[in-house]
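Asks: everything below, folded, please.
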Amino acid sequence: MKKMWMVVAVLSAGSLLSVGRVAAQGPAGAGASAAADSSSHTSHSYNPIKWVKKAKASDSTDVNTDKNKKLTLSLQQQGVLTAETNVTEKCATFKELGSCVAALHASYTLGLDFDCLKANVTGVLSSADTTSCQRAGGDKGASLEKSIHMVKPDADAKGAAKEAEKRAKEDLKQASA
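Replies: Down below sits the predicted model:
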């Protein structure tokens, strides 16, 4: 008997809910046809991804190429880069431009192979021959200090990394101005 009352209670509750839904919709009068018309809908999207405005690629790349040109010229004048290379090509695998410029300074100052240093810092093997390089294990990059120590164990890695990062910061500040 309990089961039967439960079934009746569930069925009656379900029918009450469906009646409530129909009543909430209201009569199909003058307002219903206007609500059904697609022209009365706003263009507002409920998708939060569409709320974020995207930066135009041309705007950001123009600024970066101007900055990269200034930075390339500055590094070429210092002797860190050769005349036929530029920062964009050298720093392609780096996530941050500052860490690349620091690695460029460290490799220039200590006389290290930049490709070995780049492979250690980024964790990415480039097309250059890095078979003779001392590499960190795995795909994860190491800090500049550890990378310097791996490539040249007898160097003052901590001091060289600090100096290279300081010079990179100055170069980036100068290129942005």
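Asks: distance-wise, check S74 relative to A119.
Replies: Separation of S74 from A119 (C-beta to C-beta, to the nearest Å) stands at 25 Å. (C-beta placed from N, C-alpha, C; glycine too.)
Asks: higher neighbour count, these two?
Replies: A119 (25 against 18; other C-beta atoms under 10 Å).
Asks: then the helix or strand hosting that one to CSV, C-alphas only?
Replies: Assigned by DSSP states H and E, A119 belongs to helix 114-122. Extracted C-alpha coordinates of helix 114-122, given in CSV (Å, rounded to 0.1, in the frame of the first residue of the first chain):
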residue,chain,number,x,y,z
PHE,A,114,74.5,30.2,-27.4
ASP,A,115,72.7,27.2,-28.9
CYS,A,116,73.7,25.0,-26.0
LEU,A,117,72.7,27.7,-23.5
LYS,A,118,69.4,28.2,-25.3
ALA,A,119,68.7,24.4,-25.3
ASN,A,120,69.3,24.3,-21.5
VAL,A,121,67.2,27.4,-20.7
THR,A,122,64.2,26.6,-22.9
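Asks: now for the helix or strand that comes right after that helix, which elements pack on it?
Replies: Counting by DSSP H and E, the next helix or strand C-terminal to helix 114-122 is helix 144-151. With contacts taken as 3 or more C-beta pairs under 8 Å, 6 or more residues apart in numbering; DSSP states H and E, helix 144-151 sits against helix 97-110, helix 114-122, helix 157-176.
Asks: tilt between the second one and helix 157-176?
Replies: Okay, so that is helix 114-122. 90 degrees (axes from the mean of the first three to the mean of the last three C-alpha atoms, to 10 degrees).
Asks: number of nearby residues for L75?
Replies: 23.
Asks: I'd guessed it sits against E170; true?
Replies: No. L75 is beyond contact range of E170, at 11.7 Å (criterion: C-beta atoms under 8 Å).
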